[in-house]
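Visitor: Give me a 3D structure for the following:
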Amino acid sequence: MTNAASLCELGAAALSDGGAHWAAGIQLRSGGPFAGLVRTCWVERGDNLAVQVAVAEALPGEVVVAEVRGDGAEAGVWGEVLAVAAAVRGIAGVIVDGAVRDVSACEARTFSVASASVCPVGPTKSGPGGVDVTIMICGISVQPGDWIVADADGVVVIPLDEFVSIYEGAHAKAGREPAILEGLTAGRTTLDLFGLDASTIRRAGD
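Guide: Alright, predicted model coming up:
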């Protein structure tokens, strides 16, 4: 099983439990869960030239991750045209810390897109921007070669130098859950199974 496939199987929630960094506010807009090595870029708000460059240079299986910087008018820096271009190149998906558009068209093409927002306005394509550099999404530093995972629970970043510890932590957490679910099915409570202390919980009359 490839790293991308195994990360998708674990999922963002388990990986977060293992120490992956949650990109708060970014949601899956179209397509299914995806994971891959990061191809970074940053754009000025309302422009997507650097995204175009990142898509043209990305390798199959990579995830294009875009930081949107600056002020000015919002625009969807990703849409159907780029989704087709990315799919042809075998790109696993795109994550935009900003707005995208053509969500229904991307969904119809089953191309996976995650973003902070949606906007129908089209972008300019004049720059400036950057590709293959360290970027920030949702306050998290993302570098080329990091891993990223997106699913219905959200988006998490796995720094390359933390991959082993995060993966092992998430795998251990996932390995414990079947026994917990079996215990619940047998009638035990989460308080019992997790050894929780309920003494801090107030009740009527306290």
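Visitor: mind listing the helices for the protein?
Guide: Secondary structure of the chain (DSSP state H): helices at 3-17, 49-57, 80-88, 103-108, 163-185, 190-194.
Visitor: what's the angle from the first one to helix 163-185?
Guide: Our comparison of helix 3-17 with helix 163-185, counting by axes from the mean of the first three to the mean of the last three CA atoms, to 10 degrees, yields an angle of 70 degrees.
Visitor: Give me the number of neighbouring residues for A5.
Guide: By other CB atoms under 10 Å, 10 other residues sit near A5. Quick note: C-beta positions are derived from backbone N, CA and C, even for glycine.
Visitor: Sorry, slip of the keys, the one I care about is A105.
Guide: Residues within reach of A105, counting by other CB under 10 Å, total 15.
Visitor: ok, now A23?
Guide: The number of residues packed near A23 is 24, by other CB under 10 Å.
Visitor: sorry, back to before: would you turn the helices of the chain into TSV with distance to D153 and mean pLDDT?
Guide: Shown next, in TSV, are the helices of the chain (distance: least, CB to CB, whole Å; pLDDT from 0 to 100):
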stretch	distance to D153	mean pLDDT
helix 3-17	4	95
helix 49-57	25	98
helix 80-88	22	98
helix 103-108	18	97
helix 163-185	12	93
helix 190-194	19	93
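Visitor: Let me have those in JSON lines, extended by distance to I140.
Guide: Output for the helices of the chain, formatted as JSON lines (distance: least, CB to CB, whole Å):
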{"stretch": "helix 3-17", "distance to I140": "12"}
{"stretch": "helix 49-57", "distance to I140": "18"}
{"stretch": "helix 80-88", "distance to I140": "22"}
{"stretch": "helix 103-108", "distance to I140": "24"}
{"stretch": "helix 163-185", "distance to I140": "13"}
{"stretch": "helix 190-194", "distance to I140": "29"}
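Visitor: R69: which of those is closest?
Guide: With CB to CB, the closest approach to R69 among those belongs to helix 49-57: 10.2 Å.
Visitor: Summarise which helices and strands that closest one is packed against.
Guide: Contacts defined by 3 or more CB pairs under 8 Å, 6 or more residues apart in numbering; DSSP states H and E place helix 49-57 against strand 34-44, strand 63-69, helix 80-88, strand 129-131.
Visitor: buried ones in that helix?
Guide: By 16 or more other CB atoms under 10 Å, the buried positions in helix 49-57 come out as L49, A50, V51, Q52, V53, A54, V55.
Visitor: Just give the closest residue to the second one, not the sequence neighbours.
Guide: If you skip the residues right next to it in sequence, A50 has G129 as its closest partner in space, 2.7 Å away by CB to CB, 6 or more residues apart in numbering.
Visitor: who's the one you found bridged to?
Guide: Note on G129: beta-bridge partners by DSSP bridges are V43.
Visitor: and what of I158?
Guide: Beta-bridge partners, per DSSP bridges, of I158: W147.
Visitor: Now for it: which residues touch it?
Guide: Residues near I158 by CB atoms under 8 Å, 6 or more residues apart in numbering: L7, L15, A20, H21, D146, W147, I148, V149, I166, Y167.
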